[in-house]
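Visitor: let's see this in three dimensions:
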Amino acid sequence: MPHSTDAAAPELYLGLISGTSADGIDAALVRFEGSGESLRCELVRGRTYAWHDTLRVPLIALGQGVDNVSLDQLGSLDARVAQAFADAVLALLEESGVPRGRVRAIGSHGQTIRHRPHADPPFTWQLGDGNVIAERSGIDTVADFRRRDVAAGGHGAPLMPAFHAALLGSPHEDRAVLNLGGIGNFTLLPAASEPGSSPERAVRGFDTGPANALMDGWCERHTGRAFDASGAFAASGQADAALLARLLAEPWFALPPPKSTGREQFHLDWLQARLGDTPPAPADVQATLLELTARTVADALAMTQPTTRRVLVCGGGVHNAVLMARLAAHLPQAVVESTAAHGLDPDYVEAMGFAWLARETLAGRPGNLPAVTGARGPRVLGAVYPA
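Guide: Numbers count the residues shown, from 1 in each chain. Predicted structure coming up:
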C-alpha cells in the first residue's frame, strides 16, 4: 500500500534518471509545496554522475537490442545499476549537506533496456532494483514507474506531462515543453487545458523520435567524443538532402500519438542501413542527424498543436546551439527558449519529475495522463520499497 503524506512529513524528495543516451545518472534533490496547479518546487541541488564504462557499454548495447545476454549477467547488471543509483544519492546528499532523514523518498526511473509497447503482450523494462537503492541509501524508494501504465494499455511514456502542466503551463498562450534527451518528446500545454477541457484542448504528450541518441553515437564513433559539444561537429558539415529524405521515410514518424520509442529502434545500425553505397562525409551525416531532429520536432508540432507560441526546451540538447538555432528556424511562429527562463534547470527537469512522481505515489495520486500514454485510465505508478 502507498504511504500517505502529512503536514509533518519532510517535503524533500530526490529524483534519479538515466535516459536513453545513458551518459550519466541525473540526480535532483527537490523541495515541494502544494499539488496540482498550485504545485511549487525548488531544485535544492542537481548533479550528473557519469557511468563507469563497465556499466555504460553493456547498457547501451542492451538498449540497442543486443539479446545474447545471460540471466546471470542481467541479474548482476540490475543490481550494479541500482548500486550506482544509490551511490549517486549518497554523493548528492553529502555535497548538499542534507541528512538522509530529511528526504521523504527517492523516485528512481532506472535505465531502460527494452521498450515494447506494441509487443504481444506489451512490456517495458528498466534496470535498477529498488530494493538495493532503498537498502543502500536508507531512504524509502519508489521505482518501476512505467510498467503499471503499460499494464493498463498505455505506452508507459512520456510520464512528465502532468509535471510540466503544473509548472510550465500558461492561461495566456499555447505552449509546448520539448525534452531533448536521447529521444525527443513533447508535452503540449494549450492555454485552455484544465479538467473538463475538450479533448483537442487537453494536455497531450508523445515522443518525436531521435534527439541526441543518434548524434551522440555518430559523434563518438567518428571523433571519440561522447557528444557534439555546442553542435560544432555538425556545424562543420552540411545536411545531405537525399539522406535526410531516407531517414524521414521511416514509417514511425507518420504514426499518430500516443506513441513512444527508444534506442532499440533508433540506433546506429538503423542509420547505417540508410547511408547508401556512397555515404556522405561523417560531418555531413552529423549535420543531417541534427536536421532530422529539428525537422521531426517541427513536423510533429505542426501536426498536433500548430498554435504553439512558446517552446520550452530541456534536456541535454538545450546546450547544442546549432540544434536550438535550427529549431527556431523551423518554428518561426514560436519563441524557442530554455526552461531556465521559467525557473527550471533544463538539465534536471526529468529527474525533478521523478521526484514528483514518487511524491504522487506516496500520496496515492495517479502519475499518468491517459490522454498522453493511451492507458485505460489514471493509475498510481511505481512500487514502494521501504528503507
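
Visitor: and residue 235, what does it touch?
Guide: Contacts for residue 235 (Cβ atoms under 8 Å, 6 or more residues apart in numbering) come out as 287, 322. Using the backbone N, CA and C atoms, a C-beta is placed for each residue, glycine as well.

Visitor: can you rerun that using 10 Å?
Guide: Contacts for residue 235 (Cβ atoms under 10 Å, 6 or more residues apart in numbering) come out as 228, 283, 286-287, 290, 320-322, 325.

Visitor: so what's it scoring on pLDDT?
Guide: We have a pLDDT of 98 for residue 235.

Visitor: same question, the one 5 residues further on
Guide: With respect to pLDDT, residue 240 scores 98.

Visitor: for residue 273, see how far away it is.
Guide: 16 Å (Cβ to Cβ, to the nearest Å).

Visitor: from the contacts of residue 235, which land in helices?
Guide: 283, 286-287, 290, 321-322, 325 (DSSP state H).

Visitor: which of those residues are buried? Put it as a ChimeraX command.
Guide: In ChimeraX, selecting the buried portion of the ones in helices among the contacts of residue 235, with burial taken from 16 or more other Cβ atoms under 10 Å, looks like this:
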select :283,286,287,290,322
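
Visitor: closest to residue 379 among the ones in helices among the contacts of residue 235?
Guide: When those are ranked by distance to residue 379 (Cβ to Cβ), residue 290 comes first, at 36.6 Å.

Visitor: quick check: chain neighbours aside, which residue is closest to that closest one?
Guide: Excluding the flanking residues, the one nearest residue 290 by Cβ to Cβ, 6 or more residues apart in numbering is residue 234, at 4.4 Å.

Visitor: before we move on, back to that, what about residue 240 and residue 273, which has more around it?
Guide: Set side by side, residue 240 and residue 273 show more neighbours around residue 240, with 20 against 9, by other Cβ atoms under 10 Å.

Visitor: do I have it right that that one meets residue 279?
Guide: Yes: the criterion here is Cβ atoms under 10 Å, and residue 240 meets it with residue 279 at 9.0 Å.

Visitor: starting at the chain centroid, how far to the strand or helix carrying residue 135?
Guide: For residue 135, the host element (DSSP states H and E) is helix 130-137. Chain-centre distance of helix 130-137: 23 Å, with Cα atoms, centre = their mean, to the nearest Å.

Visitor: returning to what we had before: report the set of residues contacting both of residue 240 and residue 279.
Guide: residue 285.

Visitor: quick check: the spatially closest residue to residue 37 that is not a sequence neighbour vs residue 41, distance?
Guide: Once flanking residues are discounted, residue 37 sits nearest to residue 166: 5.8 Å by Cβ to Cβ, 6+ apart. As judged by Cβ to Cβ, residue 166 and residue 41 stand 9 Å apart.

Visitor: which one of these two has more residues nearby?
Guide: Using other Cβ under 10 Å as the criterion, residue 166 and residue 41 rank with residue 41 on top: 23 against 18.

Visitor: I'd like the distance from the helix or strand harbouring the residue nearest to residue 37 to the chain centre, please.
Guide: According to DSSP H and E, residue 166 maps onto helix 161-168. Distance of helix 161-168 from the chain centroid (Cα atoms, centre = their mean) equals 14 Å.

Visitor: how about the CA coordinates for the helix or strand that it is followed by, as PDB?
Guide: Using DSSP H and E, the next helix or strand after helix 161-168 towards the C-terminus is strand 175-180. Provided in PDB are the C-alpha atoms of strand 175-180 (Å, rounded to 0.1, in the frame of the first residue of the first chain):
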ATOM      1  CA  ARG A 175       2.900  26.200 -25.100                       C
ATOM      2  CA  ALA A 176       4.900  23.000 -25.700                       C
ATOM      3  CA  VAL A 177       7.700  21.600 -23.500                       C
ATOM      4  CA  LEU A 178      10.300  19.800 -25.600                       C
ATOM      5  CA  ASN A 179      12.700  17.400 -23.800                       C
ATOM      6  CA  LEU A 180      15.800  16.800 -26.000                       C
END
